[in-house]
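Student: sharing a sequence plus its predicted fold:
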Number of protein chains: 2
Amino acid sequence: MNFLEEKILKEGRILSNDLLKVDSFLNHQIDTRLMREIADELRSRFHCTTVTKILTIEASGIAIAVMLGSILDVPVVFAKKSESVNSTDEKYVSYAYSFTRLKTFQINVSRPYLSSSDKVLIVDDFLARGEAALALTDIVAQAGAEVAGIGIAIEKGQQEGGRRLRSAGFRVESIAIIEEMDAESQTVKFRN
Amino acid sequence: MNFLEEKILKEGRILSNDLLKVDSFLNHQIDTRLMREIADELRSRFHCTTVTKILTIEASGIAIAVMLGSILDVPVVFAKKSESVNSTDEKYVSYAYSFTRLKTFQINVSRPYLSSSDKVLIVDDFLARGEAALALTDIVAQAGAEVAGIGIAIEKGQQEGGRRLRSAGFRVESIAIIEEMDAESQTVKFRN
């Protein structure tokens, strides 16, 4: 069992057979030591891969992305879910349905920050149905750039996101993959 | 002139006398080396201050907060602007008007992640009218915790946020304070 699986067992709470609450260390309160471990692990998994940019989506993907970007010494771009009056640039736009927020988000990245020469490592805290990650790969494709890989902290293996991305040909590395979880007994089984 | 002021002059774009666009390095694309420099500078400015937790607000405050939290070895909490179905905890709630998004946000922090023993360093990328920072100080007060200080990357000194916070007794450290800027000539004058 790796460090992240141990942390999930120790501090995660299973709200239903689909919902895992990890906001004590990952997506509300952030355990900064754990973020460094996650970033180190992703660096090690992609150590033979050329990466020129890390792409994530606001908000909770930013912590891992910035930590990894700092280690790899590459910039991070985070896709936005709404438009700011401060942005005058043309955008790459895609759409993702959020099952935790129960709505479809338009997500966008300003064109100057992704170019056709970029090798983009997509990073996020969670992979469930794969909506956000697929929208990010769509944005990379719009830029004519290359997806170098997809690095995830926690993948819900019982949902279809991992399968959708891997069968589309993307290399997905998830540090903890949940095979099944049970709210009543508060047990989690991880994929080997 | 410090490293951040130099970066603003080199890469920032003045959209109006109030709007500074820094999304090439701070709040859309993130220059991870610069984040480390900002975090190092904030650590140095607050080096005599006890900090048990860093508090910021999604999304663009997270990058600086996580980098600083990693250096100080303390957790980060980011206030949320909307509720997730994954959160079952009671919340501290406050309100802030965003002049870039043109609406009032309800911001919230789950109660378990701030307690009365915390010494909280509030961190954000921008300080303008002070709405977000004041809402965060309100949340710290609701928790019975102490504001250890407020660390900001870019303060718009021509707007009232810094004055509001400092006259309320908070120690505010901003790495770059803009005294005035002019869209026509694309010039920025920093406060000494």
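Tutor: Nice, thanks for sending it over. Numbers count the residues shown, from 1 in each chain, chains lettered A, B, ... in the order given.
Student: hang on, A:Arg33 packs against B:Asp73?
Tutor: Yes. Counting by C-beta atoms under 8 Å, A:Arg33 does reach B:Asp73; the two are 6.9 Å apart. C-beta coordinates here come from the backbone N, C-alpha and C atoms, glycine included.
Student: between those two, which is the more surrounded one?
Tutor: More crowded of A:Arg33 and B:Asp73, by other C-beta atoms under 10 Å in any protein chain shown: A:Arg33, with 15 against 10.
Student: what helix or strand is that one on?
Tutor: Element membership for A:Arg33 (DSSP states H and E) is helix A:32-45.
Student: what packs against that helix?
Tutor: The contact analysis (3 or more C-beta pairs under 8 Å, 6 or more residues apart in numbering or on different chains; DSSP states H and E) places helix A:32-45 against helix A:3-11, helix A:61-72, strand A:146-156, strand A:172-182, helix B:61-72.
Student: tabulate the ones you listed (CSV), appending mean neighbour count, mean pLDDT and distance to A:Phe126.
Tutor: Shown next, in CSV, are these (neighbours: other C-beta atoms under 10 Å in any protein chain shown; pLDDT from 0 to 100; distance: least, C-beta to C-beta, whole Å):
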stretch, mean neighbour count, mean pLDDT, distance to A:Phe126
helix A:3-11, 17, 97, 12
helix A:61-72, 26, 98, 9
strand A:146-156, 24, 98, 5
strand A:172-182, 19, 97, 10
helix B:61-72, 26, 98, 16
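Student: can I get the ones you listed in CSV with distance to A:Asp89?
Tutor: Converted to CSV, the helices and strands packed on helix A:32-45 look like this (distance: least, C-beta to C-beta, whole Å):
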stretch, distance to A:Asp89
helix A:3-11, 36
helix A:61-72, 20
strand A:146-156, 22
strand A:172-182, 30
helix B:61-72, 20
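Student: of all these, which one is nearest B:Phe25?
Tutor: Judged by C-beta to C-beta, the one of the helices and strands packed on helix A:32-45 that comes nearest to B:Phe25 is helix B:61-72, at 10.4 Å.
Student: residues touching that closest one, excluding its own?
Tutor: Contact with helix B:61-72 is made by A:30, A:32-33, A:35-36, A:59, A:62-63, A:66-67, A:70, A:76, B:30, B:35-36, B:38-40, B:42-43, B:51, B:54-56, B:75-76, B:78, B:121, B:123-125, B:151, B:153, as judged by C-beta atoms under 8 Å, 6 or more residues apart in numbering or on different chains.
Student: now the following helix or strand past that helix, how far from the centre of its chain.
Tutor: Counting by DSSP H and E, the next helix or strand C-terminal to helix B:61-72 is strand B:76-79. Distance, stretch centre to chain centre, for strand B:76-79: 11 Å (C-alpha atoms, centre = their mean, to the nearest Å).
Student: do strand B:76-79 and chain A meet?
Tutor: Yes. Counting by C-beta under 8 Å from any C-beta of the partner chain, chain A is contacted by strand B:76-79 at B:76-78.
Student: adjacent strands (with direction) for whatever helix or strand comes next after that strand?
Tutor: As assigned by DSSP H and E, the chain's next helix or strand after strand B:76-79 is strand B:91-98. Strand pairing for strand B:91-98, using DSSP bridges, gives strand B:103-110 (antiparallel).
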